[in-house]
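Participant: sequence plus the predicted model coming up.
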Amino acid sequence: MKSEALFAIVALSVAACAPSQRPFSTAAPSPDPRVGLRAGWMDAGEAAWNIQLVSTTPPSPDFINRSNPGDFQFINSDLSFTGPYVIQGNFSGVQVWDITNPKSPRLHKAFVCPGSQSDVSVYRQLLFVSGEALNGRTDCGTQGVRDTVSHDRLRGIRIFDVTDIANPRHITDVQTCRGSHTHTLVTSPTDTANVYIYVSGSAPVRSPNELAGCSGAPPDSNPNSALFRIEVIQVPLAHPEQAKIVTSPRIFNDLAAPARHGELVADSLAALAGRPAPQPPPAGAKPAPAPTGPTQCHDITVYPAIGLAGGACGGYGLLLDIRDVANPKRIGAVADSNFSFWHSATFNNDGTKILFTDEWGGGLQPRCRVTDKREWGADAIFTRSGNTMTFQSYYKLPAPQTAYENCVAHNGTLIPIPGRDIMVQAWYQGGISVFDWTDPTHPREIAFFDRGPMDSTKLVGAGSWSAYWYNGYIVSSEISRGLDIFALQPSAFISQNELDAAKLIHFDYLNAQDQQQLVWPAGFVVARAYVDQVARDNGLSRARCGAITAMLRRAEQLQGDARRGVLQQLAAELQRDAPGAADQAKVRTLAATVTDLAGAAR
């Protein structure tokens, strides 16, 4: 009877750990349901695969123009998170949503403060907001700034105290010569008294009459030029009102102008329609100056735990050493003629890979049409060894979008599944795409959500600006439609154990451009997640996989020394399995996880 019972346990475990036995298909839906979706503002057609829309919440009354769905002053921008709150930037200010109940987000606070893009980040009781537009005011007024030069204008970083997040208190502003298109909050493992802000400004340089010291001259004629640099703001946590620019690193120095691709012929003809034909320069005219490398970054993603940052800077992807946080240094650079505008960067968890995005068309153009090249407006995936980044492949949203949908690679984050590199990414009106880039040479889409265009006759800007994983859910900032919350579903690509292991990662706060190292606690679900991965990839035989699952189940039902003994036995067996496994590294990782479980046994 004992042997029959053991056989039954093993048989059940084999079925449980063999993904091919599940009622899930590894084939993407065909035809792709994203093609031909009904147009509409709040009632567009929707398509989803391996993901569920938990809730969609329209913008609050002060952040929507119901008579004009394309009103540019009400664009929802990036997201930051603290506790149960989602902080959503908007070209007209900030909205704070309470997502304690993800099925029914509640507006906690909306405060109007124009000055796009209003990129946001949060740390403890401090909120930071980017301002770059000419209409931004230091008093957050809505009347704009009419004067060409005005000391009422805000172009830089606003700092608020959000101890009471329902009543943000303005602390100070840090003005910069080129404003703040985006910014990155940087924490330092060696400087806990301060946080730092890397400011990426892309606007024309301000008049020195508006902000003293600003110069748009080339650095060789003015060493204090605001070009070819970023700004580093130091924020003393005990006295944030003393925040100030402490350095202006020229991380682009000596970079040559990169090769760039031209526009597609059809786009070029459309752009030239109705314009006079270009004329040759008049006789005796001075030749145009030679093109130079980038004069600013668009976005910087820092990874303090490994002392590195990835800079998406004009025509280059940069690798920065940030161990001295106030003085980042360029240690590597890559260019790619298939890229039009390097936009953002994401590291994998162990820092051996880095992904850069290309915002071809600036986010306002349709760049996912069937006629668009797959290498353009895509992600470029590189492996990293020391200071060297080596290109491996591109990933682009695989579903063609219409000419009335702005679509290109945009903001995303890792999904914390142990042992794999999985990312969720926004594609504007291409929706959101979840893809696996564990194998950097063959990234693969494994889930998606999409809506139809805003309008079936013309392009009206909308779509997902950013999509980030936060404590078990994917939260997306929809430019025109509000806030979306999603839940990944178990599938042939992601098991329930893997999803449960991902949910063990809890963030007290999250700024996507300040990557936090993911460390999973010792847990049986983490071990089972690795078993699922070994089984999915045929790393061990199905029978062996089932026996491992049976031992884990047995150990979980025990306590103290008895549990420790079973787990130690299993860890030893896995170490013996590893040399003959098809995926030796994954089996060794599983063995290490079981060893940790044994050490934690009580």
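Facilitator: The structure has been received and is ready for your questions.

Participant: output stretch 67-83 as PDB, nothing but the C-alphas.
Facilitator: Extracted C-alpha coordinates of stretch 67-83, given in PDB (Å, rounded to 0.1, in the frame of the first residue of the first chain):
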ATOM      1  CA  SER A  67     -15.500  67.800 -25.300                       C
ATOM      2  CA  ASN A  68     -12.000  67.200 -26.700                       C
ATOM      3  CA  PRO A  69     -10.500  63.700 -26.200                       C
ATOM      4  CA  GLY A  70      -7.100  64.900 -27.700                       C
ATOM      5  CA  ASP A  71      -6.600  67.900 -25.400                       C
ATOM      6  CA  PHE A  72      -2.800  68.000 -25.100                       C
ATOM      7  CA  GLN A  73      -2.900  69.800 -21.700                       C
ATOM      8  CA  PHE A  74      -4.500  66.800 -20.000                       C
ATOM      9  CA  ILE A  75      -2.000  64.100 -21.000                       C
ATOM     10  CA  ASN A  76      -1.500  61.500 -18.300                       C
ATOM     11  CA  SER A  77       2.300  60.800 -18.000                       C
ATOM     12  CA  ASP A  78       4.400  58.600 -15.700                       C
ATOM     13  CA  LEU A  79       3.700  56.800 -12.500                       C
ATOM     14  CA  SER A  80       5.300  56.500  -9.000                       C
ATOM     15  CA  PHE A  81       4.100  54.400  -6.100                       C
ATOM     16  CA  THR A  82       4.200  54.600  -2.300                       C
ATOM     17  CA  GLY A  83       2.300  52.300   0.000                       C
END
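
Participant: quick one, helices of the stretch 251-400 of the chain?
Facilitator: Applying DSSP state H, counting those that start in this stretch to the stretch 251-400 of the chain gives helices spanning 265-272.

Participant: how about residues contacting stretch 35-52?
Facilitator: Stretch 35-52 is contacted by residues 28-29, 32-34, 53, 58, 69, 399-400, 404, 431-432, 434, 446-456, 462, 474, 480-481, 486-489, 491, 493-494 when judged by C-beta atoms under 8 Å, 6 or more residues apart in numbering. To be clear about C-beta, it is placed using only N, CA and C from the backbone, and glycine gets the same treatment.

Participant: for it, buried residues please.
Facilitator: The neighbour-count check on stretch 35-52 (16 or more other C-beta atoms under 10 Å) flags 37, 39-41, 44, 46-51 as buried.

Participant: is it true that Ile548 lies in a helix?
Facilitator: Yes. With DSSP: H, G, I helix; E, B strand; the rest coil as the criterion, Ile548 is located in a helix.

Participant: grab the nearest non-local neighbour of it.
Facilitator: Of all residues not flanking Ile548 in the chain, Val531 sits nearest, at 5.6 Å (C-beta to C-beta, 6 or more residues apart in numbering).

Participant: need the phi and psi values for the one you found.
Facilitator: With angles defined as degrees, to the nearest 10, Val531 sits at phi -60, psi -40.

Participant: list the residues that contact it.
Facilitator: So Val531 contacts 17, 497, 545, 548-549, 552, 590 (C-beta under 8 Å, 6+ apart).

Participant: ok, these vs Ser207, which is closest?
Facilitator: Using C-beta to C-beta, Asn497 is the member of the contacts of Val531 that sits closest to Ser207, with 59.3 Å.

Participant: measure that closest one to Ala543 for me?
Facilitator: Distance, Asn497 to Ala543, by C-beta to C-beta, to the nearest Å: 19 Å.

Participant: who's more crowded, these two?
Facilitator: More crowded of Asn497 and Ala543, by other C-beta atoms under 10 Å: Asn497, with 23 against 13.

Participant: helix or strand: which one has the more buried one?
Facilitator: helix 496-502 (DSSP states H and E).

Participant: can you tell me the average pLDDT over the helix or strand just after that helix?
Facilitator: Once helix 496-502 ends, the next helix or strand along the chain (criterion: DSSP H and E) is strand 509-510. Mean pLDDT, computed over strand 509-510, is 98.

Participant: strand 509-510: how far from the chain's middle?
Facilitator: 13 Å (C-alpha atoms, centre = their mean, to the nearest Å).

Participant: that strand - contacts with which helices or strands?
Facilitator: Strand 509-510 is packed against strand 76-82, with contacts defined by 3 or more C-beta pairs under 8 Å, 6 or more residues apart in numbering; DSSP states H and E.
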